[in-house]
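In: sequence and computational prediction follow.
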Amino acid sequence: MTQKVHNVVIVGTGPAGLTAAIYTARASLSPVIYAGLLHGGQLTTTTEVENWPGSEHGVMGPKLMQDMTAQAERFGTEIVYDTITKVDFSGPIKKLWTDSEEIHAKAVIISTGATAKTMKLENEAQLMGRGLSTCATCDGFFYKNKKVLVIGGGDSAMEEATYLSKLCSEVILVHRRDVFKASPIMVDRAKANKKIQFKVPFHVAKLVHDETGVTGAILENSETGATEEVKVDGIFYAIGHIPNSGVFLPYVETDENNYIKVHEFTKTKTPGIFAAGDIADPTFRQAITAAGMGCQAAIQVQHYLEGLEG
Ligand SMILES: Cc1cc2nc3c(=O)[nH]c(=O)nc-3n(C[C@H](O)[C@H](O)[C@H](O)COP(=O)(O)OP(=O)(O)OC[C@H]3O[C@@H](n4cnc5c(N)ncnc54)[C@H](O)[C@@H]3O)c2cc1C
């Protein structure tokens, strides 16, 4: 039996992948999209999304992704609930594998997202979206005039603490060491901010909560082991992200943090391989920017395939 060659295979069903699916399906390219372990992507792990345009009163993350999935399917997208474990993009026909099949395509859109690093504390999964967050831009507004805690010592922790200080009554920045990975200018700016209190060298040893969500944290001094409890309304992890790019090496170039490097919008270094969303975006990491890149990748795939036809 000859192997079917798809026009385009999309890897990942977050906002980037599903937007790419909607556009390529409507362009009659019959896309096939692989969902991986988290169909719908990161937004399925949150509650209310208030910054997605078009939903005046917000929309629940899982509902938004369910609607995007239905929209992609309506135009003929084939969704496969499996994970891509290996690829070979060396030839003109791109090859991908799951544990049970080999897939061939003329073009591939990588939209595998990035996973926020967490501290793997007890009850973390249950408290995510209930006082625990990995994104100040996304969730900061829910803590207006409230007291929050930010964990981290890099540039993003300083940035998130500074951003939250504009909304919240008080921000405690907890870092396990008294030296910072963040650039001195970012640290100085945060230190000069009267609303930000630095708590170093401390780490969060335990999340304190009631039935509604986070109410505080037990902080442990990293040098002495002494503990103390702080009461806060929200806790933000700002300890980095892990882009899900490993399986695509060496066919894509990555930066020092493993984000896929793109040029001319979503092109990777390999012709026919495009990357969209958080996987290629260390800066914004928002649903709307991921969807925007998904649209760009879809149109670039269209142009790429037209070029192949001559
Ligand atoms: C708790 C939380 C709340 C958030 N709130 C907001 C918000 O309010 N507003 C906002 O704009 N943004 C928010 N974000 C950020 C937003 O979710 C992301 O920016 C967005 O989901 C990125 O979309 P994406 O398509 O690039 O990737 P993701 O959503 O990360 O999706 C990645 C997809 O790739 C799949 N995948 C990974 N590896 C493989 C593989 N090997 N094979 C097949 N599939 C694979 C995964 O299963 C998943 O389907 C939030 C994020 C989190 C974690």
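Out: Yep, that arrived. Residues are numbered from 1 along each chain as shown.

In: my guess is Asp178 contacts Phe202. True?
Out: No: at 9.6 Å, Asp178 does not count as touching Phe202 under the criterion of C-beta atoms under 8 Å. Glycine gets a C-beta too; all of them are placed from N, C-alpha and C.

In: of these two, who's got more company?
Out: More neighbours surround Phe202 than the other of Asp178 and Phe202, with 25 against 12 (other C-beta atoms under 10 Å).

In: contacting residues for the residue nearest to that one when sequence neighbours are not counted?
Out: Among residues not flanking Phe202 along the chain, Leu219 sits closest, at 4.6 Å (C-beta to C-beta, 6 or more residues apart in numbering). Residues near Leu219 by C-beta atoms under 8 Å, 6 or more residues apart in numbering: 174, 199, 202-205, 227-230.

In: select only the buried ones of those in ChimeraX?
Out: Buried residues among those (16 or more other C-beta atoms under 10 Å), as a ChimeraX selection:
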select :174,199,202,203,204,205,230
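
In: got a list of what the one residue in the stretch 201-310 of the chain that gets nearest to the ligand touches?
Out: At 2.2 Å from the ligand, Gly277 is the closest residue in the stretch 201-310 of the chain, using C-beta to the nearest ligand atom. Going by C-beta under 8 Å, 6+ apart, Gly277 touches 12, 14-17, 111, 113, 289-291, 293-294.

In: give me the secondary structure label for the residue nearest to Phe202.
Out: At Leu219, secondary structure determined by DSSP: H, G, I helix; E, B strand; the rest coil is strand.

In: any idea what it is bridged to?
Out: Legend: beta-bridge partners of Leu219 under DSSP bridges are Val204, Glu228.

In: measure it to Gly113 for me?
Out: 31 Å (C-beta to C-beta, to the nearest Å).

In: what does Val80 give?
Out: Val80 is 17 Å from Gly113, by C-beta to C-beta.

In: quick one: which of these two has more around it?
Out: Gly113 (27 against 16).

In: so the more buried one makes contact with Ser245?
Out: No: shown here, Gly113 and Ser245 do not form a contact pair, counting by C-beta under 8 Å, at 9.9 Å.
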